[in-house]
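Novice: Attaching a predicted model along with its sequence, questions to come.
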Amino acid sequence: MLHDLQAAFRSAVLLGDAAAACSGLVSDRVAADRRLAIHRHNVLVSLTEALRATFPVAADRLGERFPALAQAFVEAAPPRRPQLLAYGDGFPAFLAIALSDSDNAALPDLARLEWARVEACFAADAEPLRPDRLAAVPPDRGSDICFRLHPTVRMVASPHPLLTLWAGTAPDTAATGAVLVLRSGGALEMAALSTGEFAFLRMVRAGTTLDVAAATAAAADPGFALQAVLAAQFARGTFCGFSLHPA
């Protein structure tokens, strides 16, 4: 009985189907359907604002279209956990389906970048790997190094110049769309990745050895320079540890 009432209330609040829930409510000075409408309004507004807080740039680009799209997403994918900070992981994919016009082609990827920032913000912390720790690696084992990415690292690839879109500046058609997101010193950072850097870090994430990751990156980008990329990633704190692949 209680389960049925809860299911009916959920349907009324999230989908606007109040018929079943009304039959289980005690009459009052305010009609049952109006009382349920108040609850539905409050839930939709709360979840819409939660999505706006998580995807502020996408919401700004969508303008007046955002509330209707947010409500459609809430109805299609209501929260699964009682934690608003964890809500919205499916919103970028939802936008990819809902936005078919070319004027908004970059918005789903922009939303993916915003969700990557949320994940990086709340991911576990770890001490960045210091370059001097590699001194213990025998010279003939350097190619067997397997780096571990910092827990806050997220990567987003797109055909669109995401960082310029994020900043609201004029799109740079020559800019790469790959972006590295991580939390460093308590602050979120974003950096553009070249095609080679993205390929390299993707292979690192997959657990490959340094030589395999570097070869994959060089195949994707003939201009890939391993030493320069390693120096940049150490400076950012992209790695948190390493191991040696069994000889």
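Specialist: Yes, it's here.
Novice: How is the residue nearest to Leu201 when sequence neighbours are not counted assigned, secondary-structure-wise?
Specialist: Closest residue to Leu201 apart from its sequence neighbours, by Cβ to Cβ, 6 or more residues apart in numbering: Met155 at 6.1 Å. Backbone N, C-alpha and C define where each C-beta goes, glycine included. Following DSSP: H, G, I helix; E, B strand; the rest coil, the label given to Met155 is strand.
Novice: what sits against Met155?
Specialist: Contact partners of Met155, counting by Cβ atoms under 8 Å, 6 or more residues apart in numbering, are Ala116, Ala178, Val179, Leu180, Val181, Leu193, Phe198, Leu201, Arg202, Arg205.
Novice: In this structure the last one contacts Leu149, no?
Specialist: Yes: Arg205 is in contact with Leu149 according to Cβ atoms under 8 Å; the separation is 5.5 Å.
Novice: and those two? which has more neighbours close in?
Specialist: Leu149 (21 against 14; other Cβ atoms under 10 Å).
Novice: Run through the bridge partners of that one.
Specialist: Beta-bridge partners of Leu149, counted by DSSP bridges, are Phe239.
Novice: who touches it in this structure?
Specialist: By Cβ under 8 Å, 6+ apart, Leu149 lies in contact with Leu201, Val204, Arg205, Thr238, Phe239, Cys240.
Novice: how close does the first one get to Gln83?
Specialist: What that stands for is Leu201. Taking Cβ to Cβ, to the nearest Å as the measure, Leu201 falls 29 Å from Gln83.
Novice: pLDDT weak spots in the chain?
Specialist: 1-41, 102, 169-176, 247 (pLDDT under 70).
Novice: ok, now with 50
Specialist: For the chain, the stretches flagged by pLDDT under 50 are 1-5, 7-8, 18-23.
Novice: all strands of it, in order?
Specialist: Secondary structure of the chain (DSSP state E): strands at 145-149, 154-156, 179-184, 187-192, 239-244.
Novice: right, and those strands - which one's nearest Ala214?
Specialist: strand 145-149 (10.4 Å; Cβ to Cβ).
Novice: just the angle between the closest one and strand 179-184, please?
Specialist: 80 degrees (axes from the mean of the first three to the mean of the last three Cα atoms, to 10 degrees).
Novice: What's the local residue count around Ala228?
Specialist: 10.
Novice: need the helices for the protein, in chain order.
Specialist: Using DSSP state H, the helices of the chain run over residues 2-15, 19-22, 32-54, 56-62, 66-76, 91-98, 107-122, 162-167, 195-205, 210-220, 226-236.
Novice: got a list of what the residue nearest to Phe200 when sequence neighbours are not counted touches?
Specialist: Distances taken as Cβ to Cβ, 6+ apart put Ala217 closest to Phe200, at 3.8 Å, once the chain neighbours are dropped. Neighbouring residues of Ala217 by Cβ under 8 Å, 6+ apart: Gly196, Glu197, Ala199, Phe200, Met203, Phe224, Leu226, Val229.
Novice: roughly how far apart are the nearest residue to the last one once chain neighbours are set aside and Phe94?
Specialist: Taking Cβ to Cβ, 6+ apart, and ignoring the residues beside it in sequence, Val229 has Glu197 as its nearest neighbour in space, at 5.6 Å. In this view, Glu197 and Phe94 are 29 Å apart by Cβ to Cβ.
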